[in-house]
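**Q** following is a predicted model, sequence given first.
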Amino acid sequence: MAGARRSAVFVVTALGAFMASLDLSIVNVAFPALERTFPHDSRAALAWVITGYSIVFASLLVTAGRTADRIGRRRVFFTGLAVFGLGSALCGLAPSVDLLVAGRLVQGAGAAAMLPASLGLLLGAFPTERRSQVVAMWGGVGALAVATGPSLGAALISAGGWRWAFYVNLPVGALAWVLGRRVLADSKSEEVRARPDYLGVVLVSSALAALVLAISEGPSWGWSSGRVVACLVVTAGLGAAFLYRSARHAAPILDLTLFSSRSFIVANTATLLYAMGFFAMLLGNILFLTSVWHYSILRAGLAVTPGPLVVAAVSGPAGRLATRVGFRRVLLVGTACFAGGLVWYATRVGVEPAYLATWLPATLITGLGIGLTFPVLSAAAVSSLHPERFAVGSAVNQTARQVGGAVGVALLVVILGTPRTAVAALGNFRHLWWYAASMAVASGLSCSLLRPGTAGAARRVTSTRMGALRRAVVGSLSTASRSTTAPPGCEP
């Protein structure tokens, strides 16, 4: 394949990663504007704009990757791109919260189909010796979207309203579609024969939705009410059915044999706990700046931008450091920094705005902690797996992250409540920051169970592989690369 054609393939697949990553950041920034547009809808209802996307994305990720392997990655990529664009249009046009959430569910399905297929197409377009480099660059585009999302999203929303947070995907998607039809060649795995577990998708999605519904509506329904109890019973029943099916299906969503590895269990448990605090903080900080300090959306977006920039700067050195000193040491320092930054928020931030004195230091500290943890957790999760299982192991780790995020946002709704005064609101936000800090500590305690040595696990994921993992939307690896040769540095 000619160099120009390969570059075009990279552009098309990177645009997919950019859209999916940017949309997460923008929606958080858009949340205050959504509250103003739909004042009669509760925060619990609006939270489904975020949690609904996470649930569908997490549930479909592995299955979408296997479907792409089975019927063709080009076909699934364009299907995902079209579905994502349709969901974006529905969100932008939505006259009600219900239709907005429906659009977000469609977006989540499109992103889950698009991302693993795009990586499979990218790997197929480049020779083995260049795959690590292009995957790192591909993931770097996603990291750039996350880092610039708050400021770019705030600028779009300030200029044209929250609907432009979704409309912006349409021209980007159209460019990817037109260019992709010319340069993308189809590929699929001849080894994939079993039909993916589509019923398992329904079971796990319904179980997660019932759990999030019980948590978010608990204060209004009553924690001991029949509806909350029914949701929890449904969660337990469908969750048990999902695990039973996963243990017996030929191509399950959750490969239970992965959990024979202690490092895999520990790292994914730590990821789940960390995400429960991280995603709650992510949305909570925007809400605090706009509701207590009365920042505009643009000013709030700029105020939180230093954190993602620190993450982007730190994640590379963190990956290289972990290969030298081991995952556990880096993760313990990272979770401690993240918890410390959250404690700073909880003890130093007050009702009166004081950005440079109180907010910026906490943002920089938490950014340092996030840069030292999330990418290293992703690598630790697959470190003990055979290279052929890196992709599916990474997908499970991303699923754990999205599930933790959905639960964390649901808990945010409960913690923040509906305070009537700025002082009362500050008290609730302090409770939120303490909660997020406790999740960071719990994640750190889980990380302490990782083996301290560096010769085994850490060296199996070399600095080259760490570069790909730290910046990629790791879960989007899914199973798209199972039929390709592992990148250099992945061999045992």
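**A** Right, received. Where do you want to start?
**Q** now do the SS call for the residue nearest to residue 310 when sequence neighbours are not counted.
**A** Nearest non-adjacent residue to residue 310, counting by C-beta to C-beta, 6 or more residues apart in numbering: residue 367, 3.1 Å away. Every residue, glycine included, has its C-beta placed from N, CA and C. The three-state assignment at residue 367 reads helix, by DSSP: H, G, I helix; E, B strand; the rest coil.
**Q** measure residue 367 to residue 261 for me?
**A** 30 Å (C-beta to C-beta, to the nearest Å).
**Q** where does residue 452 land in three-state SS?
**A** coil.
**Q** residues contacting it?
**A** 326, 328, 329 (C-beta atoms under 8 Å, 6 or more residues apart in numbering).
**Q** just the pLDDT at residue 459, thanks.
**A** Residue 459 is assigned a pLDDT of 50 by the prediction.
**Q** what do you get for residue 438?
**A** So, for residue 438, pLDDT stands at 98.
**Q** what about it, how many residues nearby?
**A** 15 (other C-beta atoms under 10 Å).
**Q** one more: residue 125?
**A** By other C-beta under 10 Å, the burial measure for residue 125, its neighbour count, is 23.
**Q** next one: residue 202
**A** Counted with other C-beta under 10 Å, residue 202 comes out at 13.
**Q** assign a three-state SS to it, would you?
**A** On the basis of three-state DSSP, residue 202 is classed as helix.
**Q** before we move on, the earlier item: need the contact list for the residue nearest to residue 310.
**A** 306, 307, 308, 309, 310, 311, 314, 341.
**Q** buried residues of the helix or strand where the fifth one lies, list them for me.
**A** Residue 310 belongs to helix 306-325 when assigned by DSSP states H and E. Using 16 or more other C-beta atoms under 10 Å as the burial criterion, the residues of helix 306-325 that qualify are 306-312, 314-316, 318-319, 321-323.
**Q** C-terminal to the helix or strand harbouring residue 65, what's the next element?
**A** Assigned by DSSP H and E, residue 65 belongs to helix 43-71. Next helix or strand after helix 43-71 toward the C-terminus (DSSP H and E): helix 73-93.
**Q** that next one - contacts with which helices or strands?
**A** Applying 3 or more C-beta pairs under 8 Å, 6 or more residues apart in numbering; DSSP states H and E, one finds that helix 73-93 contacts helix 3-37, helix 43-71, helix 97-125, helix 164-167, helix 169-183.
**Q** now the angle from the third one to helix 73-93?
**A** The directions of helix 97-125 and helix 73-93 differ by 150 degrees, with axes from the mean of the first three to the mean of the last three C-alpha atoms, to 10 degrees as the criterion.
**Q** show me where pLDDT drops low in this structure?
**A** 1-2, 132, 136, 139-140, 188-193, 387-388, 390-391, 453-492 (pLDDT under 70).
**Q** pretty sure residue 426 sits against residue 350.
**A** Yes. Residue 426 lies in contact with residue 350 (C-beta atoms under 8 Å); the separation is 6.9 Å.
**Q** look at the two and report which has more neighbours.
**A** A count of neighbours by other C-beta under 10 Å puts residue 426 above the other of residue 426 and residue 350, at 17 against 14.
**Q** helices or strands next to the helix holding residue 310 in the packing?
**A** Helix 306-325 packs on helix 131-160, helix 327-348, helix 360-382, helix 457-460, helix 463-471, going by 3+ C-beta pairs under 8 Å, 6+ apart.
**Q** could the helices and strands packed on helix 73-93 go into a markdown table alongside distance to residue 277?
**A** A markdown table is the format used below for those (distance: least, C-beta to C-beta, whole Å):
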| stretch | distance to residue 277 |
| --- | --- |
| helix 3-37 | 15 |
| helix 43-71 | 15 |
| helix 97-125 | 22 |
| helix 164-167 | 25 |
| helix 169-183 | 28 |
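**Q** which among those is found nearest to residue 295?
**A** helix 3-37 (9.2 Å; C-beta to C-beta).
**Q** give me the angle between that closest one and helix 169-183.
**A** 160 degrees.
**Q** report the contact partners of the closest residue to residue 43 other than its chain neighbours.
**A** Among residues not flanking residue 43 along the chain, residue 413 sits closest, at 5.3 Å (C-beta to C-beta, 6+ apart). Each residue near residue 413 by C-beta under 8 Å, 6+ apart is listed here: 43, 44, 47, 215, 216.
**Q** what helix or strand is residue 413 on?
**A** helix 390-416.
**Q** measure the residue nearest to residue 310 to residue 150 for me?
**A** Using C-beta to C-beta, one obtains 12 Å as the distance from residue 367 to residue 150.
**Q** ok, residue 419 - contacts?
**A** 425, 427, 428.
**Q** including secondary structure, distance to residue 278 and neighbour count, could those residues go into CSV?
**A** Formatted as CSV, these follow (DSSP: H, G, I helix; E, B strand; the rest coil; distance: C-beta to C-beta, whole Å; neighbours: other C-beta atoms under 10 Å):
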residue, secondary structure, distance to residue 278, neighbour count
425, helix, 21, 19
427, helix, 22, 13
428, helix, 19, 17
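**Q** return the member of these nearest to residue 109.
**A** Checking the contacts of residue 419 one by one against residue 109 (C-beta to C-beta), the nearest turns out to be residue 428, at 33.7 Å.
**Q** so who does the closest residue to that closest one other than its chain neighbours touch?
**A** Closest residue to residue 428 apart from its sequence neighbours, by C-beta to C-beta, 6+ apart: residue 416 at 4.9 Å. Shown in contact with residue 416 (C-beta under 8 Å, 6+ apart): 43, 284, 287, 425, 428, 429, 432.
**Q** was I right about residue 409 contacting residue 277?
**A** No. Assessed by C-beta under 8 Å, residue 409 is found out of contact with residue 277, at 11.1 Å.
**Q** could you find the closest non-adjacent residue to the residue nearest to the spatial centre of the chain?
**A** Nearest to the mean C-alpha position of the chain, counting by C-alpha atoms, centre = their mean, stands residue 402 at 5.2 Å. Take residue 402 and drop its neighbours on the chain: the residue closest to it by C-beta to C-beta, 6+ apart is residue 58, 3.6 Å away.
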